[in-house]
Structures are given as C-alpha cells and as structure tokens.
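A.B. asks: Task: produce atomic coordinates for the following.
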Amino acid sequence: MAKVIPFKGLRYNPEKFRDLDAVTAPPYDIITPEQQQELYNKDEHNIIRLDYGMDFESDDETNNKYTRSAAFLKNWIEEQILVYEDAPAFYIYEQMFSLVDEETPSHSLKGIISLVQLEEFSKKIIMPHSETLNQPKRDRMGLMKATASNMSPIYSLYMDPDQAIADIISECSDSDPDFSFTTQDKVIQNIWVIKDPATLNVISKKFENKQLFIADGHHRYETALNYRRERHLADGTETGTQPYDYTMMMLASMDDSGLFLFPTHRLIRGVKNFSEQMIISMLTDHFNASKIYITEGEYADIIMTKLENTIDEKRLAFYTGEDYYYTLDIKDVHVMDDLIEGKSDAYKHLDVTILHKLILEKYFDIDENRESDRDRLVFTKDADEAVNGVRDGEFQCSFLMNATKISEIKDISLANEKMPQKSTYFWPKLVTGIVIYKFD
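C.D. replies: Okay, here's the model as predicted:
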C-alpha cells in the first residue's frame with residue numbers, strides 16, 4: 001500500500017561539521033521568537049535560516065524569508081556546506097533520552113527516514129488524525145515553492161506486530177552510528193546511513209502492505225499534496241512520475257517502547273464574570289467534581305500524578321490558582337453521543353473532545369476554530385506552565401489532562417476522522433537539519 005523508497009539526501013558536510021547540534025533545530029512550529037533568534041546566533045549555517053527564517057519590515061515580494069531561504073540553500077550547496085549523498089539511502093534515526101533528569105538515557109526510539117509517495121487521504125494509505133489551519137499551510141507552501149525542498153521529515157507511524165521491520169532496523173544499526181550528536185534537551189541523536197541495494201529493497205518491500213499514520217506534520221503533508229497538484233498542472237505531467245510526488249518521512253513503529261505522547265493542557269482567560277463556584281455548579285450536571293487540597297509539594301506534579309493514576313475513568317483536572325484543584329470525572333461518557341452526531345465512539349470519547357465540546361464550548365463559549373477565541377485559549381505541554389500561568393494571574397483557570405493514547409490515534413485515523421487541534425504532542429521532537437530532500 002505505502003510506497004517507501006530511499007533517496008540521495010542533502011545533509012551537512014561531515015568534513016566541515018562534526019557537531020550537528022550547532023546547525024540543527026527543533027521543528028519550526030514549536031520555536032518561539034526568542035529561540036529563533038538564539039538559533040540565528042548559534043551558527044551562521046544553522047538550518048533555521050532555511051526552514052524558519054525571520055521576517056523584516058522591509059520584506060516585499062522579491063525579498064522575504066522565502067527568497068532568502070532559497071538563496072541560502074543555493075549558496076550552501078555551491079559552497080559544499082550541504083552535500084548530496086553519493087547513492088540512494090535510508091537513514092536509520094535513533095533518539096536516546098530520559099523522561100526524568102537522569103545522567104544516562106533510559107529510553108530509545110528508532111525509525112527510518114525515507115521518501116514516501118504522496119497519496120490522497122481518501123485512499124486510506126496515509127492516515128491523518130488532526131485538523132489543520134490555513135496559515136501554517138500558507139507558510140509551508142511559500143517555503144516549498146521557493147526551495148523545492150522538504151526541510152524536515154513528517155513523523156509517521158506504522159503497525160509492525162511481528163517486528164519484521166524492527167528486526168531489520170536493529171540489524172542495520174548494531175554498529176556505531178555514522179554520525180551522532182546531543183541536542184540541548186539532552187537527547188542523543190544517532191544516524192546510520194544505509195546504502196546497500198539489497199537491504200534497501202527488502203525494507204521497501206516490507207512497507208508495501210502498510211498503512212502510515214501521521215503523528216506530527218499534518219500541515220506539511222497537506223502542503224505537499226497541494227504543491228504536487230499545482231506542479232503537475234503547471235508542468236503537464238502525470239501523478240507518480242515526478243520527484244515532488246514524494247515527501248520525506250520518519251517512520252516509526254506504533255509498538256516501539258520509546259514512543260511517548262505528552263498531554264497538551266489548556267489555559268483560559270478573558271471569561272466575563274468568571275466564577276469558580278458557578279462553573280463547578282454547572283459542571284456537576286455531567287461530572288463528579290472532587291475538590292482536593294494541596295498541602296505540600298509541587299502543584300503540577302501532584303495534579304498530574306492524580307490524573308495519570310486514572311484507569312478507566314475519563315478524568316480532567318480544573319485549576320483556579322488556589323491551594324486546591326478539582327478532578328472532573330464524567331458521569332456518563334455516552335452523553336457525548338447526543339452532543340455529537342456522525343462521529344465514531346473513538347472520537348466522541350476522547351478526553352480533548354469531552355473538554356472542548358462539553359466544557360469549553362458549552363460553559364465558556366470558547367470555540368478553538370473561532371479566530372476571536374485564539375487569544376482566550378492557550379495551549380501548553382508543560383504542566384508547570386498550566387499551573388503557574390493561573391497562579392501568576394495571567395489566566396483565570398486551566399484544565400490539565402492525560403495524554404492521548406496511540407490506540408486512540410489509530411482508531412480515529414481508521415474512522416477517517418480528525419481530532420481537535422493540539423490533541424497530541426509526541427516527544428522527543430524530530431530534529432530539523434539531519435537530512436533534506438531537494439526534489440528540484
């Protein structure tokens with residue numbers, strides 16, 4: 001089903017760059033303006049100049065972040081800052097990390113960076129799970145048109161119950177990596193470059209009966225689809241015949257023990273006549289609300305421990321800045337069946353669906369898709385931020401929640417549905433700058 005092939009990647013010249021931490025970056029969509037400036041200052045050849053360039057007041061149609069990115073890319077190739085692989089390759093990519101502050105990494109995730117043939121979602125070969133927004137797609141389209149490149153791999157998952165692909169990955173990476181570096185978040189990044197034609201062929205064949213589930217990178221995938229349509233129309237070529245019929249992906253197994261999802265918490269502000277007591281009284285229509293006092297310890301850690309110990313309940317935490325918080329356990333999850341029509345149980349029973357439909361929209365009049373509500377609803381993966389933002393008075397309250405499960409992503413995708421915005425946060429994030437796919 002999925003067509004997965006090797007390619008001649010464009011990557012930093014190993015003779016000139018020994019430590020790739022200086023020139024790589026996090027994904028563009030999690031970089032703050034402060035981090036963007038730090039990456040600019042870190043090294044004159046940092047990938048930030050290609051993938052997420054700065055805007056300037058003097059920008060116009062002929063001189064802007066996209067044209068500058070194209071110029072940097074052209075110059076860096078001419079100067080051999082970036083060099084092409086001498087033969088088609090798969091790139092085995094390992095991230096070694098810890099979930100707590102430990103000296104030695106305790107977890108490892110391995111996947112394969114490859115090219116994957118673009119397919120419309122209707123074919124159910126490439127499966128999305130998340131809604132997208134127009135502005136990020138416009139941004140990525142501007143970059144793709146200017147550079148004719150994929151700067152970073154889309155993160156996708158596949159099912160490998162018999163570990164057939166995992167065994168090949170393990171065999172191909174049983175020696176020292178071809179290059180390795182450690183990012184500032186203490187994640188070790190190991191890469192093996194696989195060029196043996198027989199091995200490449202075996203790996204490609206193993207994916208022929210696979211569906212791929214997009215984990216991270218929905219905006220980039222949809223942009224690649226749109227770019228492909230425009231190019232074929234302009235070039236008069238047939239689908240499946242051109243390099244831009246493919247996009248770069250990092251493929252990891254759903255069964256990999258190193259696969260971690262973090263929750264994305266919600267902070268609320270701008271609610272008129274905000275009243276904790278009134279909100280709790282309204283929420284008790286559908287939730288069992290328990291008020292829990294915090295006598296000592298870190299508030300965020302205490303709240304998240306309570307949530308993570310949930311087994312079968314659909315439980316959220318509601319915090320208003322005091323020395324206590326509320327757990328909200330839905331009384332009957334089937335209330336969602338009447339609230340949402342035409343969706344699967346998998347979608348209706350998601351924690352994020354319950355929060356948005358049964359609480360934020362109903363009692364706070366907040367709709368994540370409404371432009372005017374964008375400033376009232378703020379997302380964070382950091383539980384401390386979800387607590388301290390309220391304690392500091394910037395926000396009126398916050399909702400903390402458990403992470404979405406991998407099985408829920410699969411069920412939503414197979415039902416041909418998409419989750420609400422910010423339903424998933426995969427960690428560690430893939431590093432941008434390990435390899436580039438230039439298709440022109």
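A.B. asks: chain center to stretch 243-263, what's the gap?
C.D. replies: Relative to the mean C-alpha coordinate of its chain, stretch 243-263 is positioned 10 Å out (CA atoms, centre = their mean, to the nearest Å).
A.B. asks: With stretch 253-272 instead?
C.D. replies: With CA atoms, centre = their mean, you get 10 Å for stretch 253-272.
A.B. asks: How about stretch 350-362?
C.D. replies: Distance of stretch 350-362 from its chain centroid, counting by CA atoms, centre = their mean, is 22 Å.
A.B. asks: pLDDT (mean, whole number) over that stretch?
C.D. replies: Averaging pLDDT along stretch 350-362 yields 93.
A.B. asks: Outside of it itself, list whatever touches it.
C.D. replies: For stretch 350-362, the surrounding residues in contact (CB atoms under 8 Å, 6 or more residues apart in numbering) are 264, 266, 268, 283, 286, 314, 316, 328, 330, 333, 335-336, 339-340, 347, 366-368, 377, 399, 401-402, 404, 408, 412, 419-420, 422-423. C-beta coordinates here come from the backbone N, C-alpha and C atoms, glycine included.
A.B. asks: Among those residues, which lie within helices?
C.D. replies: Of the contacts of stretch 350-362, the ones assigned to helices by DSSP state H are 283, 335-336, 339, 347, 408, 412.
A.B. asks: Of those residues, which is the most crowded?
C.D. replies: Tallying neighbours with other CB atoms under 10 Å puts I412 at the head of these, with 26 neighbours.
A.B. asks: Report how many residues lie close to the nearest residue to that one once chain neighbours are set aside.
C.D. replies: Using CB to CB, 6 or more residues apart in numbering and skipping the chain neighbours, the partner closest in space to I412 is H129 (4.9 Å). Other residues lying near H129 total 24 when counted by other CB under 10 Å.
A.B. asks: again with M144
C.D. replies: M144: 23 neighbours (other CB under 10 Å).
A.B. asks: any idea how far K137 is from it?
C.D. replies: Counting by CB to CB, to the nearest Å, the gap from M144 to K137 is 10 Å.
A.B. asks: Report the set of residues contacting both of the two.
C.D. replies: In contact with both M144 and K137: T223, using CB under 8 Å, 6+ apart.
A.B. asks: rewinding a little: nearest to D255, of the ones in helices among the contacts of stretch 350-362?
C.D. replies: Closest approach between the ones in helices among the contacts of stretch 350-362 and D255, by CB to CB: E408, at 15.5 Å.
A.B. asks: in terms of contact, does the closest one touch A346 like I think?
C.D. replies: Yes: at 6.2 Å, E408 counts as touching A346 under the criterion of CB atoms under 8 Å.
A.B. asks: So which elements touch the top helix by length along the chain?
C.D. replies: Using DSSP H to define each element, the chain has its longest helix at helix 218-235. For helix 218-235, the contact count by 3 or more CB pairs under 8 Å, 6 or more residues apart in numbering; DSSP states H and E identifies helix 134-147, strand 246-253 as packing neighbours.
A.B. asks: among those, which is the most enclosed?
C.D. replies: Ranked by mean neighbour count under mean count of other CB atoms under 10 Å, those are led by strand 246-253, which reaches a mean of 25.
A.B. asks: partners of that one in the sheet?
C.D. replies: strand 107-117 (antiparallel), strand 154-158 (parallel) (DSSP bridges).
A.B. asks: immediately after the longest one, which helix or strand?
C.D. replies: Note on strand 107-117: by DSSP states H and E, the next helix or strand toward the C-terminus is strand 126-127.
A.B. asks: quick revisit: what's the closest of the strands paired with strand 246-253 to I168?
C.D. replies: strand 107-117 (9.0 Å).
A.B. asks: tell me the angle of that closest one relative to helix 218-235?
C.D. replies: 20 degrees (axes from the mean of the first three to the mean of the last three CA atoms, to 10 degrees).
A.B. asks: Flag every buried residue along strand 107-117.
C.D. replies: Neighbour-count burial for strand 107-117, counted by 16 or more other CB atoms under 10 Å, picks out 107, 109-116.
A.B. asks: Low-confidence stretches in the chain?
C.D. replies: By pLDDT under 70, the weakly predicted segments of the chain are 369, 371.
A.B. asks: where along the stretch 51-200 of the chain do the helices fall?
C.D. replies: Using DSSP state H, counting those that start in this stretch, the helices of the stretch 51-200 of the chain run over 65-78, 134-147, 164-172, 197-206.
A.B. asks: Turn those helices into TSV, including distance to Q242.
C.D. replies: Below are those laid out as TSV (distance: least, CB to CB, whole Å):
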stretch	distance to Q242
helix 65-78	19
helix 134-147	14
helix 164-172	27
helix 197-206	19
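A.B. asks: looking at those, which is closest to D101?
C.D. replies: Each of the helices of the stretch 51-200 of the chain has some distance to D101 by CB to CB; the shortest is helix 164-172, at 28.4 Å.
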